[in-house]
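K.L.:
no sequence for this one, just the structure:
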């Protein structure tokens, strides 16, 4: 049985993959695209919170919100200026969007390298210290990640199920034509969802900034993991994104503890088997 | 009367012109000739922090070296000029950088190389008879791709792989009661190079345990736990800076505060480690140390110590705050000193075969000490330089000397 530290580590991983995957599925449900730049919005969120906290002196929770707003706004720009224009209603549209968002990966990484430099940055001074629980220690930063995830998921639930905006989003996801008939601007809703999805990635990057080092390349693995999470959970299912993130986080941590670097092989093999046996994932239902 | 006047005028003018033509010319100061050195290095990507940290220091050191007179071969004075090109720490980038330097910039020497693309660059430099001063490691180890017959213009001016063994011995010297050294590297580095290091560590009786992590790993909790369960009380990371920092931070937070951590590379600045790891977690962090003025065992020529200190002062003044990175001292300056001394011995700057002949088995005095090229049996050619294998540790917000275990010559 893995020690308690591995399970806590798995929980932290789950929180981040879940948040990232949720944002990706939101975007997919409305726009019908996989945003390959999702990881880079995670990275940009980390940099924005770093500079907001260290250079400007803004309190960390506020800096996180700013990161969400700024990067969410950037995401909306990307959708308006690039994705909307290349996402033509044909088979090639999806390919063009894939190529465009993949190109943006390198663009954002290169721009971040030039703007912020290559040297690792850290926010170890945010929530310093550990909680000693006998044979187990948990850093306050990791506890913050868990609290953040609970707040975000609750906020998302309330927004999607208890607000008009959420109703519009769900309507546009389920039946865009019918939604238009009811006066919902699907275009505007899509733009808003892109912003929300990117903001979620940015805030995930922000809350993880004190936990890990910050550099222009930290977005790649979270992107891949969130993609795996939505495949496990089911493309288009918000519940699936959450469950997929949870499964992935714990499996990744426990398998790495047991099998070291073979964890990657096992994880991807698991995903391939899942695709062969149940390609729609565990839930595989559209946005509800 | 007028005729005699005209003749006299013409004679005077002729004498003046001839006088100017035959007058001895004033002696001009001898203009030094420039030797261009190509430096393929990582200026982008995850390893770029080390590449970028060294660039200004290299350029300043070359200025100081040239100002001190450069070097002489025969009756001519030579100065160095360095040209940096980003090799992206990849085989494609390395080959492209080498081509740009050799065919674009027309360099005859590549030096200061430390990235992971030795085979790609050597494949371009050797056919062009360009002397390539690099490090051992990865494929450039016995049994790897290095072949002295096919690559006669390669010099292992930094024995990185052998240095890792010496680093481990320096660690055991600093902590004689150690239990086991954990060695952590990315799966990208997995290969015969590590078999070579493992054999050397076994021979020296060092107790160690290996772990590997996939590329891009940021969460090291599983590996920290595995090292702890294997009984490791010191973990020496062979990966990148960010990974080592993350490991140090996470092991502290998990409660393994007695587990020492280090990385096989120099500190860019201790402040970065404090910022990422946290002040407490960063204390005792171990790194490679190249501040030659602090060496306790290896002796470095005073002139070179002075030059290195001068570089540090110039850069501190330029950037308006102390320049603390010393990793640069062990690389390009040492390579250029080997090259200049070899050219002096060979009596030529143009003949790569003669220069390589002078390098093989030769003894050179550089910023890292005086070493004789060895490795005739191990590498098939005595082209491996030595190193002091000095280590430092973070104390407060500074880097201080820890230990030293000079490398033994290779068979």
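P.N.:
Sure thing, it's come through. Note that the structure is predicted; figures quoted are calculated from it, not measured.
K.L.:
which residue does the stretch 101-250 of chain A have closest to chain B?
P.N.:
Taking CB to the nearest CB, chain B has its nearest neighbour within the stretch 101-250 of chain A at residue A:122, 2.9 Å off. The C-beta positions use only the backbone N, C-alpha and C, and glycine is treated the same way.
K.L.:
pretty sure that residue is touching residue B:248, no?
P.N.:
No. The criterion here is CB atoms under 8 Å, and residue A:122 misses it with residue B:248 at 10.8 Å.
K.L.:
between the two, which one's more packed in?
P.N.:
Set side by side, residue A:122 and residue B:248 show more neighbours around residue B:248, with 30 against 26, by other CB atoms under 10 Å in any protein chain shown.
K.L.:
dump the residue contacts of that one.
P.N.:
B:261, B:273, B:277, B:281-282, B:285 (CB atoms under 8 Å, 6 or more residues apart in numbering or on different chains).
K.L.:
rerun that using 6 Å as the cut-off
P.N.:
With contacts defined as CB atoms under 6 Å, 6 or more residues apart in numbering or on different chains, residue B:248 is in contact with B:261, B:277, B:281, B:285.
K.L.:
wait, is residue B:386 part of a helix?
P.N.:
No. Applying DSSP: H, G, I helix; E, B strand; the rest coil, one finds residue B:386 to be coil, outside a helix.
K.L.:
phi first, then psi, for it.
P.N.:
Note on residue B:386: its backbone torsions stand at phi -100, psi -180 [degrees, to the nearest 10].
K.L.:
what's the neighbour count on it?
P.N.:
Other residues within reach of residue B:386 by the criterion other CB under 10 Å amount to 26.
K.L.:
doesn't residue B:408 make contact with it?
P.N.:
No. Proximity of residue B:386 to residue B:408 does not meet the contact threshold set by CB atoms under 6 Å, at 8.2 Å.
K.L.:
still on that earlier bit, now the contacts of residue B:248 in a markdown table, with pLDDT, secondary structure and neighbour count?
P.N.:
Supplementary listing: those in a markdown table, determined by pLDDT from 0 to 100; DSSP: H, G, I helix; E, B strand; the rest coil; neighbours: other CB atoms under 10 Å in any protein chain shown:
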| residue | pLDDT | secondary structure | neighbour count |
| --- | --- | --- | --- |
| B:261 | 97 | strand | 28 |
| B:277 | 93 | helix | 28 |
| B:281 | 94 | helix | 24 |
| B:285 | 97 | coil | 23 |
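K.L.:
contacts with chain A among these, please.
P.N.:
Taking CB under 6 Å from any CB of the partner chain, the overlap between those and the neighbourhood of chain A is residue B:277.
K.L.:
before we move on, back to that, quick one: contacts for the residue of the stretch 101-250 of chain A closest to chain B?
P.N.:
For residue A:122, the contacting residues are A:213, B:275-276, by CB under 6 Å, 6+ apart.
K.L.:
among the contacts of residue B:248, which one sits closest to chain A?
P.N.:
Checking the contacts of residue B:248 against chain A by CB to the nearest CB gives residue B:277 as the nearest, at 5.9 Å.
K.L.:
leaving out chain neighbours, which residue sits closest to the closest one?
P.N.:
Excluding its sequence neighbours, the residue lying closest to residue B:277 (CB to CB, 6 or more residues apart in numbering or on different chains) is residue B:249, at 4.2 Å.
K.L.:
secondary structure element for that neighbour?
P.N.:
Secondary-structure assignment from DSSP states H and E places residue B:249 in helix B:241-253.
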